[in-house]
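>>> This is the structure alone, sequence omitted:
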């Protein structure tokens, strides 16, 4: 099969689904993975797809820099396999007697089902949902940051919350945002960005939860530079170009394995 025909079939495969895997394409066309990667690079240059670390996804327009938060019924659902994998790996970083911050995003909520059941540790959160879920965990002490409750999110990010969080010192914070790119973690609101900065400033270790749909995205306002993250946890569907830009800033990127 000629390379041009193979690339046409790759595009057809991508149109039938939302993702192609380099290893699967290599087996399908009986060519090396390096040949498939060259095909994907050529197709990306033509604007027909976007390369990921494991293969490729369809080319997509950039999202709007300001988007409405998801309803809580969706945000606090079961989570997709790649999101659960990131949440599980993040939870494994919690150590005995640590004090950690866990916010109210869906992927942070996903950490709760993977929290260590025996280790004693402390959670500081600005999310009513997180606090309510943790309040009966005997091994976890939970502190809820106060402030004005947003109707859409049930979390506090106003000036009161920022002033209150600044009174704490944290071992580890688990952060995320609407966008995670080489310029940093970004959000749709200045208030959210300000609260994230405040959490980052009081934390000894900073872990960023970065599902592929957020990687390479830049939202309305930057919260913290990506260089301030010690670890970025993402998945194999993250855009290759965006991950390389993050790694160029000497940030450690770890890929979580999907949970079936």
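Yep, that arrived. These figures come from a predicted structure and were not determined experimentally.

>>> Roughly how far does residue 235 sit from residue 57?
Residue 235 sits 12 Å away from residue 57 when distances are taken as C-beta to C-beta, to the nearest Å. C-beta coordinates here come from the backbone N, C-alpha and C atoms, glycine included.

>>> neighbour count winner among those two?
When residue 235 and residue 57 are compared for neighbours, residue 235 comes out ahead with 25 against 20, by other C-beta atoms under 10 Å.

>>> That one touches residue 80, doesn't it?
No. Because the distance of 9.4 Å does not satisfy C-beta atoms under 8 Å, residue 235 is recorded as not touching residue 80.

>>> So for those two, which residues contact both of them?
Counting by C-beta atoms under 8 Å, 6 or more residues apart in numbering, the contacts common to residue 235 and residue 80 are residue 211.

>>> that older thread, any residues in contact with both of residue 235 and residue 57?
Counting by C-beta under 8 Å, 6+ apart, the shared contacts of residue 235 and residue 57 are residue 212.

>>> does residue 124 really touch residue 98, like I thought?
No. Under the contact definition of C-beta under 8 Å, residue 124 does not touch residue 98, with a separation of 10.9 Å.

>>> Neighbour count for these two, which is higher?
Under the neighbour definition other C-beta under 10 Å, residue 124 and residue 98 were set side by side, and residue 124 has more, 24 against 17.

>>> Please name the bridge partners of the more buried one.
When bridges are taken as DSSP bridges, the partners of residue 124 come out as residue 101, residue 143.

>>> From the rest of the structure, what touches stretch 217-225?
The list of residues contacting stretch 217-225 from outside it, by C-beta under 8 Å, 6+ apart, reads 62-63, 65-67, 175, 177-181, 183-190, 192-194, 196-197, 200, 206.

>>> Quick check, central residue of this structure?
With distances taken as C-alpha atoms, centre = their mean, the chain has residue 210 as the residue nearest its mean C-alpha position (1.8 Å).

>>> give the contact list for that one.
Contact analysis of residue 210 by C-beta under 8 Å, 6+ apart lists 86, 176, 180, 232, 233, 234, 238.
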